[in-house]
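> Any chance you can model this:
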Amino acid sequence: MGKLSIKFHPLFIILSFVLIYFGWFEEFLIYFSVLCLHEFAHYFVAKRLGYVLNKVMFMPYGVGLGGKNQTILPKHEIVIACAGPVLNLVLAVVCICFWWVVPVSYAYTQFFVISNLTLGFFNLLPVFPLDGGRVVVCLLSEKLKRIKAYKIMKVSGFIFSAIFAVMFFISVFSKVNLTFFFISFFLFSSCFGNDANIYFERTHVQNFKKKISKPMPVKTYVVSSNTPVYKMLKYINSGNYTLFYLLEGNKLKKVLTETEVLSVLDVNNK
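So this is what the prediction gives:
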């Protein structure tokens, strides 16, 4: 992964202190462990697909995982996004099945199951940057421009934020549920986030589509001729033009331009 950057969202820190203050330290540790397992699933699948993720942001209901200047193919982004919730649901089902074999295990794994189900289903909500929202953005991008898909997801974020705000307001009259408040605030604040800096970071490179008005530096990389194109994408950014020298053994087989590499992504997005 290289140098790992770990940050904590202010809401995550606040929620942690609240849980510990009210005597839920054990529950907090279990939930934190579930968060880490959820994110490990994202990381593992991303790594298998050839992406380097080295930025971690702990948030109240998920962990933001990203990498610098990476362009992720939509079909890969969907697979990576689904990995976390799928692992949560699988762990929950395995534990529930284990209850039938060893009933006493219910007392020790009940909250672990609840945490997995809560985190898994919550992340499936069609709100960006939750996993469900990422999947919807990728699917919408097949018919619409990605920026428009983001706008649709922001509207969805406002709607779900309002729903949880109402649920919190109703809970005030019986038993106050701070969880609804934090969810509502988190979803509302995410609607104003910078899409370029959220996990599964995507760099919108347009060098091959725009007219170059001033000299641009050229970056060159030497790669094996059998290197998958998607692995080259993460080395391309909007600050320079990139050339890839494909070697077969010690011989130069071909020079691949940035235009040719990005055209592959462009075709997959259509």
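
> For the rest of this, base every contact and every neighbour count on C-alpha atoms.
Will do.

> now the helices for the stretch 151-270 of the chain?
Counting by DSSP state H, counting those that start in this stretch, the stretch 151-270 of the chain has helices at residues 178-190, 229-233, 258-268.

> Least reliable of the ones you listed by average pLDDT, please.
In terms of mean pLDDT, the lowest-scoring of the helices of the stretch 151-270 of the chain is helix 258-268 (a mean of 63).

> ok, residue 75 - contacts?
The neighbourhood of residue 75, defined by CA atoms under 8 Å, 6 or more residues apart in numbering, consists of residue 138.

> Please identify the helix or strand for it.
helix 74-101 (DSSP states H and E).

> Show me the contact partners of the helix or strand just after that helix.
Downstream of helix 74-101, the next assigned helix or strand under DSSP H and E is helix 106-123. Helix 106-123 has contacts (CA under 8 Å, 6+ apart) with 27, 30-31, 34-35, 61-62, 84-86, 88-89, 91-92, 95-96, 99, 130-132.

> Going by neighbour count, list what's buried in the helix holding residue 75.
Residues of helix 74-101 classed as buried: 74, 76-89, 91-92, 95-96, 99 (neighbour count, 16 or more other CA atoms under 10 Å).

> circling back: possible to save the helices of the stretch 151-270 of the chain as a markdown table with mean neighbour count and distance to residue 47?
What follows is the helices of the stretch 151-270 of the chain, written out as a markdown table (neighbours: other CA atoms under 10 Å; distance: least, CA to CA, whole Å):
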| stretch | mean neighbour count | distance to residue 47 |
| --- | --- | --- |
| helix 178-190 | 19 | 26 |
| helix 229-233 | 19 | 11 |
| helix 258-268 | 16 | 19 |
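
> Please name every helix or strand in contact with the host helix or strand of residue 47.
For residue 47, the host element (DSSP H and E) is helix 25-48. When contacts are defined as 3 or more CA pairs under 8 Å, 6 or more residues apart in numbering; DSSP states H and E, helix 25-48 packs onto helix 10-21, strand 62-66, helix 74-101, helix 106-123.
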